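*Asks:* starting from these lines, generate the structure:
(2 chains)
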Number of protein chains: 2
Amino acid sequence: MNTNFIYHVPTRIYFGDNQIQHLGSELKKYGQRVLLIYGGGTIKRIGLYDKIQAEIKKAGLECYEMPGVAPNPRHTTINRGAEICRKEKIDVLLAVGGGSVIDVAKFISPATFYDGDAWDFFTKKAKMTQFLPVVTIPTISGTGSEMDAYGIAGNLDTEEKIALYHPQLMPKASFLDPTVTYSVNHYQTACTGIDSLAHYLETYFMKPNLFMLESAMEGFMKTILKYLPVALQKPTDYEARSNLMWVSSWALNGFTQGGTRQPYSAHRIADELTAKYGLIHGLALAIVLPRFLSYTLNDKTAPLYKAFACNVLGIDASLPDMDAAKAAIAKLEELFFKTCELPNTLTALGVDDGKLGDMAEAICRGDVLKSYVDLTKDDIVKIYQMCL
Amino acid sequence: MNTNFIYHVPTRIYFGDNQIQHLGSELKKYGQRVLLIYGGGTIKRIGLYDKIQAEIKKAGLECYEMPGVAPNPRHTTINRGAEICRKEKIDVLLAVGGGSVIDVAKFISPATFYDGDAWDFFTKKAKMTQFLPVVTIPTISGTGSEMDAYGIAGNLDTEEKIALYHPQLMPKASFLDPTVTYSVNHYQTACTGIDSLAHYLETYFMKPNLFMLESAMEGFMKTILKYLPVALQKPTDYEARSNLMWVSSWALNGFTQGGTRQPYSAHRIADELTAKYGLIHGLALAIVLPRFLSYTLNDKTAPLYKAFACNVLGIDASLPDMDAAKAAIAKLEELFFKTCELPNTLTALGVDDGKLGDMAEAICRGDVLKSYVDLTKDDIVKIYQMCL
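*Replies:* This is a model prediction of the structure:
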């Protein structure tokens, strides 16, 4: 079938260490009353909070606050934010933080105009119809949430974690300042870099049917592989942080997909670990991804994995497909578990085999997980077992 | 200096052979009265005109027409279009054609709201302040005008050709149907492919200071080098046409530049040939580019040109910089003058040395042409002489 897609990424990006001067005028486009949404104390510690307040004040805007958004956002947090927006007649949401804070803001946006429980959007009981504009300042690279139309939230009562897409979830503007990520620690830098790499890798293996996208993705993945170790070694390297920041924004905004819309299997398998055990997203991915690739390596996938091996990792193109693919997996393991120093098993994180079947069932829901390789519930259990 | 830029490309892209069904709803967003702007009879011959009229009719819109826009658009054409828009109270411009038609529509957009001569925008005598929305259907790949905020027009009286930038010149939406380019002939396919390659090449040599952009551009240039010969051989190859189409859109929209804003020297030198002699843009570039690269090859540029040689053309990385650079230039000449079968001298096109000094002066205007290599008037004359 011929490639067909709609591409539309209207988010305005202010990129660099000298852009926050435009924050006031950007927010002012949407109204007077700003809700500043953030997590813990990081943004105060790095001085970002004060800079934001100064710009908001200079622009003569009214600022309300919603601090304390925790990682792996819950629907109850979204409901709390929507309540504030209705009460304070908020005109625009300013999300400052990681993917969780940004995703919460994205969902508060339609929840403000819905009187019921925001979880209804996730269970398809209700539709998102009206939206508040969202402006973001990501304090960490990786999720791409600052420039895409996705978000993910969880429900602790039902132990579910569900991703949603809607074109109106795309932020109006995002301020990407690489220096803001200087204080991101070794562990988080590793987790988010791997998350970003995994976004490209899963798209790449779906083969979006346009060589130009494949070769662009090869360049984007090479960028992560080049600069992630640099940022781990020297957290204040502008070149490394800026490359990691901008490259992560392009992973999920629709550009590289070129109309391909298959599930991201390794992500889904990792997401269940976050839902059931609260594992940090990038860490769960780091553990799952090499096992997922090993398990799915067969005659059909070997050429795909070899292309990644040769074109991205620089592995010798004269190797047989299988050998090149195995060498690629070994290189990823070296990056994740040696360079990034992440724990390499679920067991090390206190996860045992008790819920593997339940998690696999939650992913498959009586069906198979269809992507460029189809996985049954049994397949997924086996992948989890390899991670123990 | 740290990389800083604003990226904002809100154009909605409908890509593929099954997207024109969305034309009516897209136009309707902006109003009822559409001005259809096009060139000669091509769009009727390939059946596109009828398809467009059917969609416009289905959506219940009123259609006015401005046919006969010639290549290398003139300010008088812009004035004529603005007159129609004012008279017919046009709500939205639909440009169907090549870069010239699209550029004319872009300038009619602000000219509609200006009572004087549109050339005043180009001479900076007047500012563009208000704009009609522009929707485009490119019938040829290469200019990237369907997704950027630039346009170029000429004044035959003053023999000038000037490019203008304004964020509001960005089309609201563009319909990119690779099958529309099936009928683009060998010569035009060659010229536009080379134009697109030159956009990337000139940006690449400026080194936009982000590795991710360099490596993405390498992928984009590889795409052109892979598929241009395919499209020349088999004009109805969807894969080739779709890659060439989408890759050309990304050349000038700001993504690959990453804030770098230097003049495109080879383009400027080629543009004067178009202004003075009416040479087709891509052909002028094909003749100028290899000479420009040879003339500017020195110890400082050799590593730059070698990176292109090795990472894009696959030339042996163990060669000394100078040799690799020369091999790259030779490969470009082979592509332009053998594979693409374009004439390789200005003399073959009837251009003599009579106006070389005038053209160089028009570029330099008493100064030097500053870019990643600075060129004096004398340098430019010498490059022209190499092209004779």
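*Asks:* and the helices in the stretch 101-250 of chain A?
*Replies:* Applying DSSP state H, counting those that start in this stretch to the stretch 101-250 of chain A gives helices spanning A:119-122, A:186-205, A:211-233, A:238-249.
*Asks:* mind checking if the second one is in reach of chain B?
*Replies:* No - contact of helix A:186-205 with chain B is not found when judged by Cβ under 8 Å from any Cβ of the partner chain; the minimum separation is 11.1 Å. Where C-beta positions appear, they are placed from N, C-alpha and C, glycine not excepted.
*Asks:* same for that helix, what does it pack against?
*Replies:* If contacts are counted by 3 or more Cβ pairs under 8 Å, 6 or more residues apart in numbering or on different chains; DSSP states H and E, helix A:186-205 sits against helix A:211-233, helix A:238-249, helix A:265-277, helix A:281-296, helix A:302-311.
*Asks:* reformat those as CSV; add distance to chain B.
*Replies:* Shown next, in CSV, are the helices and strands packed on helix A:186-205 (distance: least, Cβ to the nearest Cβ, whole Å):
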stretch, distance to chain B
helix A:211-233, 3
helix A:238-249, 5
helix A:265-277, 22
helix A:281-296, 19
helix A:302-311, 10
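*Asks:* which of these has the lowest mean pLDDT?
*Replies:* In terms of mean pLDDT, the lowest-scoring of those is helix A:265-277 (a mean of 92).
*Asks:* that one: which residues count as buried?
*Replies:* A:265-276 (16 or more other Cβ atoms under 10 Å in any protein chain shown).
*Asks:* same question, stretch A:221-229
*Replies:* For stretch A:221-229, burial by neighbour count (16+ other Cβ under 10 Å) applies to A:221-229.
*Asks:* for the residue nearest to A:T296 when sequence neighbours are not counted, what are its contacts?
*Replies:* Distances taken as Cβ to Cβ, 6 or more residues apart in numbering or on different chains place A:V373 nearest to A:T296, at 4.6 Å, with adjacent residues excluded. A:V373 makes contact with A:265, A:296, A:300-301, according to Cβ atoms under 8 Å, 6 or more residues apart in numbering or on different chains.
*Asks:* now A:D17
*Replies:* Contacts of A:D17 (Cβ under 8 Å, 6+ apart): A:177-179, A:238, B:2, B:4.
*Asks:* how many other residues sit next to the residue of the stretch 251-388 of chain A found nearest chain B?
*Replies:* Across the stretch 251-388 of chain A, the shortest distance to chain B (Cβ to the nearest Cβ) belongs to A:G259, at 7.5 Å. A:G259: 18 surrounding residues under other Cβ atoms under 10 Å in any protein chain shown.
*Asks:* close enough to count as contact, it and A:F5?
*Replies:* Yes - taking Cβ atoms under 8 Å as the definition, A:G259 is a contact partner of A:F5 at 3.0 Å.
*Asks:* on the pLDDT front, check A:G259 for me.
*Replies:* 80.
*Asks:* got phi/psi on it?
*Replies:* Backbone dihedrals for A:G259, given as degrees, to the nearest 10, come out at phi 90, psi -10.
*Asks:* lowest-confidence helix or strand of chain A?
*Replies:* Every helix and strand in chain A was compared by mean pLDDT, DSSP states H and E; the lowest is strand A:160-165, with a mean of 88.
*Asks:* name the residues of that one that come out as buried.
*Replies:* A:160-162, A:164.
*Asks:* quick one: distance of stretch A:79-88 to the chain centre.
*Replies:* Offset of stretch A:79-88 from its chain centre (Cα atoms, centre = their mean, to the nearest Å): 25 Å.
*Asks:* and it, C-alpha only, in CSV?
*Replies:* What follows is stretch A:79-88, C-alpha atoms only, in CSV (Å, rounded to 0.1, in the frame of the first residue of the first chain):
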residue,chain,number,x,y,z
ASN,A,79,-9.1,15.6,38.5
ARG,A,80,-7.5,17.8,41.2
GLY,A,81,-6.0,20.1,38.5
ALA,A,82,-9.3,20.3,36.5
GLU,A,83,-11.0,21.4,39.7
ILE,A,84,-8.5,24.3,40.2
CYS,A,85,-8.9,25.4,36.6
ARG,A,86,-12.7,25.6,36.9
LYS,A,87,-12.5,27.4,40.2
GLU,A,88,-9.8,29.9,39.2
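*Asks:* which residues touch it?
*Replies:* A:33, A:35, A:37, A:64, A:66, A:90, A:93, A:104-105, A:108, A:111-112, A:114, A:117-118, A:132.
*Asks:* any idea of the mean pLDDT for that stretch?
*Replies:* 98.
*Asks:* so which bits of that stretch are buried?
*Replies:* Under 16+ other Cβ under 10 Å, the buried positions of stretch A:79-88 are A:79-82, A:84-85.
*Asks:* mind checking which of these are in helices?
*Replies:* Judged by DSSP state H, the buried residues of stretch A:79-88 include A:79-82, A:84-85 as members of helices.
*Asks:* distance of A:A54 from A:G24?
*Replies:* Computed as Cβ to Cβ, to the nearest Å, the A:A54 to A:G24 distance reads 9 Å.
*Asks:* hmm, back to that, tell me the most buried of the helices of the stretch 101-250 of chain A?
*Replies:* Compared across the helices of the stretch 101-250 of chain A, helix A:238-249 shows the largest average neighbour count, a mean of 26 (mean count of other Cβ atoms under 10 Å in any protein chain shown).
*Asks:* helices and strands around that helix, which ones?
*Replies:* Checking 3+ Cβ pairs under 8 Å, 6+ apart, helix A:238-249 ends up next to strand A:12-15, strand A:173-176, helix A:186-205, helix A:211-233, helix B:211-233.
*Asks:* if we use 6 Å, what do you get?
*Replies:* helix A:211-233, helix B:211-233 (3 or more Cβ pairs under 6 Å, 6 or more residues apart in numbering or on different chains; DSSP states H and E).
*Asks:* is the last one positioned near chain A?
*Replies:* Spelled out, it's helix B:211-233. Yes - looking at helix B:211-233 against chain A by Cβ under 6 Å from any Cβ of the partner chain, the contacts come from B:211-212, B:215-216, B:219, B:222-223.
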